[in-house]
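>>> 3D model of this:
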Amino acid sequence: MKDTLIFEWPGRHHLHPMLAVTILLAALLHGGMFFAFTILYPRTEKSGPNPAHIYFIPPGSPDAARMQGLLRSSDPAVYAPGRGVSLPEAFPPVAYVPRYVSDKPALDPLPAATKPDLARSTLAGPVPMKMESSVSGAGERGPVPTRLVADGELAARVPSLPKETVFLIPAGFDPEPAIFLVSVRGNGQVAHIFLQQGTGDSDLDAQAANLLRWNRFSANPGGMAWGFVTFQWGCDVRTRVSQ
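Now for the predicted structure:
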C-alpha cells in the first residue's frame, strides 16, 4: 500500500510563461504612470543686473541724421519763451507742444520799487518790564531784621526767618533787594527757585536761595502756587570778615 503522507511534486516543474509576461507588463505600466504624473518646473537661470551700454554714433552717419530731430525736439531750452531763437524750417514736427509755448498767461505789472525812508520810520525798541515791589532800599534798613515779602497766592504763606539768621556781605557793599520767582507745593515745600533780581553779590544771592529752599511756607491744599518772594534786608546783614 502506498504511503499517502509523502508529498509528491507535480510532474511539471517549469513556470508558466504568462507569469513573466504579466510581471513585465506591470513594470511598464508603473514606469509609464511615474513619467505621466511627474511635475516638471521650467528651469530658471539666474541673471544679474544688466550692464551699462554706451553707443557711439559718429556725426554724419545715417543714425545720427535720424536722431537729430528727436534730440532737438526734446530740448526745452529751444522752445523757452523769450529765447529769440529762430527755429529751422526743416525742423520735424512734434506730437506734444508744451503749454507755455502756445498759452502765455497775462501777468500783472510789478509795482515801482520805492526806497524806504529810514528817517521817518519809527523802530520799536525793547519794552521795559516794570516789576512792582514794596522793597525799601538797602540804606533804609533800620533796626528791623530781614523779612520776606511775597505777592499773589504766596502773600499770606510766607515763613518767618529764624532769629539766628545772619547774612554776610563784603565790606562796604550795599546790597540791592533780592527777588526770586518761587513755586511752593501744597505742603509748603519749595519746589522751584529762579533768581529774578540779584543783590550784586553772588554769595549773598546763594545764601538767600538756600534759606528759601530749606524753609517751609504755610500749607495750602490748593496745590502748587507761584509768586515773587522779595528779601527786604535788615540789621542781620553783617560784614564778612576777611581772613
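>>> need the contact list for residue 227.
150, 151, 152, 153, 154, 155, 181, 182, 184 (C-beta atoms under 8 Å, 6 or more residues apart in numbering). Glycine gets a C-beta too; all of them are placed from N, C-alpha and C.
>>> ok so it is a strand residue?
Yes: assigned with DSSP: H, G, I helix; E, B strand; the rest coil, residue 227 falls within a strand.
>>> from the contacts of residue 227, list the buried ones, please.
150, 154, 182, 184 (16 or more other C-beta atoms under 10 Å).
>>> which residues of this structure fall in strands?
147-150, 167-169, 178-184, 190-197, 225-232, 237-239 (DSSP state E).
>>> before we move on, the earlier item: reformat the contacts of residue 227 as a markdown table; add distance to residue 203.
What follows is the contacts of residue 227, written out as a markdown table (distance: C-beta to C-beta, whole Å):
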| residue | distance to residue 203 |
| --- | --- |
| 150 | 23 |
| 151 | 26 |
| 152 | 28 |
| 153 | 30 |
| 154 | 25 |
| 155 | 28 |
| 181 | 20 |
| 182 | 20 |
| 184 | 25 |
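>>> any idea which of the residues you listed is closest to residue 197?
Nearest to residue 197 among those, counting by C-beta to C-beta, is residue 181 at 10.0 Å.
>>> quick check: bridge partners of that closest one?
Residue 181 has these beta-bridge partners by DSSP bridges: residue 194, residue 228.
>>> one step back: tabulate the strands of the chain (a markdown table), appending mean pLDDT and distance to residue 43.
Listed next are those as a markdown table, based on pLDDT from 0 to 100; distance: least, C-beta to C-beta, whole Å:
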| stretch | mean pLDDT | distance to residue 43 |
| --- | --- | --- |
| strand 147-150 | 86 | 90 |
| strand 167-169 | 85 | 95 |
| strand 178-184 | 90 | 78 |
| strand 190-197 | 90 | 76 |
| strand 225-232 | 89 | 80 |
| strand 237-239 | 83 | 99 |
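>>> of those strands, which is nearest residue 62?
Taking the strands of the chain one by one with C-beta to C-beta, strand 190-197 is closest: 84.8 Å.
>>> circling back: show me which of the contacts of residue 227 is closest to residue 18.
residue 184 (114.7 Å).
>>> residue 66: which of the strands of the chain is closest?
Of all those, strand 190-197 comes closest under C-beta to C-beta, at 80.1 Å.
>>> could I get the strands of the chain as JSON lines with distance to residue 160?
Listed next are these as JSON lines, based on distance: least, C-beta to C-beta, whole Å:
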{"stretch": "strand 147-150", "distance to residue 160": "8"}
{"stretch": "strand 167-169", "distance to residue 160": "15"}
{"stretch": "strand 178-184", "distance to residue 160": "15"}
{"stretch": "strand 190-197", "distance to residue 160": "15"}
{"stretch": "strand 225-232", "distance to residue 160": "13"}
{"stretch": "strand 237-239", "distance to residue 160": "17"}
